[in-house]
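*Asks:* generate coordinates for the sequence data below:
(one chain, ligands or ions: 1)
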Amino acid sequence: MDDVSPAGRGRRTGVWCAAAATALSCTVTGGAATAATAAEPGRPPGWCKPDGALTARAMPQRIKLSECDLRGRVVRGENGLAATVPSDGTSVIAHSLRTDGASELRVEVDEAKGEITLAAAGTRSPQGRPREFRAPIDACQDDAYQQEPSKWPKGSAIEWHYYPGTAGLPMSGVSTGIAGMFGARTDCNAARTFTPPPDVSQRYAGRTATPPNLTAGGVCGDRDGTNVSGWEAMPGADADVLAATCTWFRGATTIENDTALQEHGKRWWPGPQDGSPCPAGSYDAAAVATHEAGHMLGLGHVEGSQHSALTMAPTVAACDDDPATLGKGDYAGLIALYGARSSA
Ligand SMILES: [Zn+2]
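*Replies:* All right, here's what the predicted structure looks like:
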């Protein structure tokens, strides 16, 4: 394997490191592979820099705390996505949804083993039609889904607070999106809802003056015990970022989730429900919030152009309100995670 210096990182597409829960290999198309540098005994390895953000690509995927204690440090994944390594024994998954793709960064902390596992993935929508393009399957026929390594306990009622941000954007898109994912809203049947619903529910617990635990750079920070979704100005985030979600978990159990929709430099459409046409270049807040609520519940991205009609596809186009309603696979993923709620 080759060493990759941070300076050697360029814009490239098709980067997948440990994309699947079972695979810890790193596949990089159009670039070199990540590798570790062997350390001398008693000295931290060269990649374990004492200051600033660390780059997952330039580090091994499995790190001994005795070799480099990353807790409290910021680790960067693909496409500018980054997370603070939890110091409280929890693990974190960061997701960002971009105008041109999406990124995921997993930081799994196992204090019992004294080990941290990193996995970073990123996709960019290529310009034009990619070579591997396959026509999208109808969302009502496409049963693909991906699960993240953690979920809430079955039957949970997840309390969340709304952070309104500072730009005066409406709450409706955020709450509609969260309700739509939990309630399995769809256009695939006349009832406009998949039944039975998954055995998990959400409860709006009011506004909060505390923003989601994301920094102005869109970096997952330290969790505070409260689930918060809402608008946040993240001027330091990549210009293409629409929203970011941080999910903290212990073992296989999710314990906290924060979601921020970017109110800095992005234009948003309240959605079709109030009858107003979508201003060009605006994004449907409900569509984005529905996708992010899928991450909150433990769904990952479904990759490949054939799955692009699903809510959990890693792209949302301007003025696209389709992700606000679930496809067959989005619903199947929820049922796989939580089972069906009994009607009793
Ligand atoms: Zn996403």
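*Asks:* so residue 324 versus residue 284, what's the distance?
*Replies:* Using Cβ to Cβ, to the nearest Å, we find residue 324 at a distance of 6 Å from residue 284. Glycine gets a C-beta too; all of them are placed from N, C-alpha and C.
*Asks:* for the residue in the stretch 101-250 of the chain that the ion sits nearest to, the count of nearby residues, please.
*Replies:* Closest to the ion within the stretch 101-250 of the chain is residue 102: 4.7 Å, counting by Cβ to the ion. Residue 102 has 29 neighbours, counted by other Cβ atoms under 10 Å.
*Asks:* repeat that for residue 293.
*Replies:* Residue 293 has 25 nearby residues by other Cβ under 10 Å.
*Asks:* which of the three states applies to the residue nearest to it when sequence neighbours are not counted?
*Replies:* The shortest distance from residue 293 to any residue other than its chain neighbours is 3.6 Å, reached at residue 181 (Cβ to Cβ, 6 or more residues apart in numbering). Secondary structure assignment for residue 181 (DSSP: H, G, I helix; E, B strand; the rest coil): helix.
*Asks:* and the contacts of whatever helix or strand residue 102 lives in?
*Replies:* Following DSSP states H and E, one finds residue 102 within strand 101-110. Here strand 101-110 makes contact (Cβ atoms under 8 Å, 6 or more residues apart in numbering) with 13, 18, 56, 70-71, 75-83, 85-86, 89-96, 116-125, 149, 240, 300-301, 314-315.
*Asks:* just the ones in strands from the residues you listed, please.
*Replies:* With strands taken from DSSP state E, the overlap with the contacts of strand 101-110 comprises 75-76, 82-83, 91-96, 116-124.
*Asks:* show me what the most centrally placed residue in the chain is bridged to.
*Replies:* Centroid-nearest residue in the chain: residue 95, 2.2 Å away (criterion: Cα atoms, centre = their mean). Note on residue 95: beta-bridge partners residue 104, residue 245, judged by DSSP bridges.
*Asks:* if we can go back for a sec, the ones in strands among the contacts of strand 101-110: which ones sit near the ion?
*Replies:* residue 95 (Cβ under 5 Å from the ion).
*Asks:* so how do I select the buried members of the ones in strands among the contacts of strand 101-110 in ChimeraX?
*Replies:* The buried residues among the ones in strands among the contacts of strand 101-110 can be selected in ChimeraX (16 or more other Cβ atoms under 10 Å) with this line:
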select :75,76,82,83,91,92,93,94,95,96,116,117,118,119,120,121,122,123,124
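*Asks:* what does the protein have sitting close to the ion?
*Replies:* The chain has residues 95, 97, 102 near the ion, with proximity defined as Cβ under 5 Å from the ion.
*Asks:* one more time with 6 Å
*Replies:* Within reach of the ion by Cβ under 6 Å from the ion, the chain has these residues: 95, 97, 102, 291, 295, 301, 314.
*Asks:* for residue 287, grab the count of nearby residues.
*Replies:* There are 27 residues near residue 287, going by other Cβ under 10 Å.
*Asks:* what does the one 3 residues further on give?
*Replies:* Other residues near residue 290 come to 30 when the count uses other Cβ under 10 Å.
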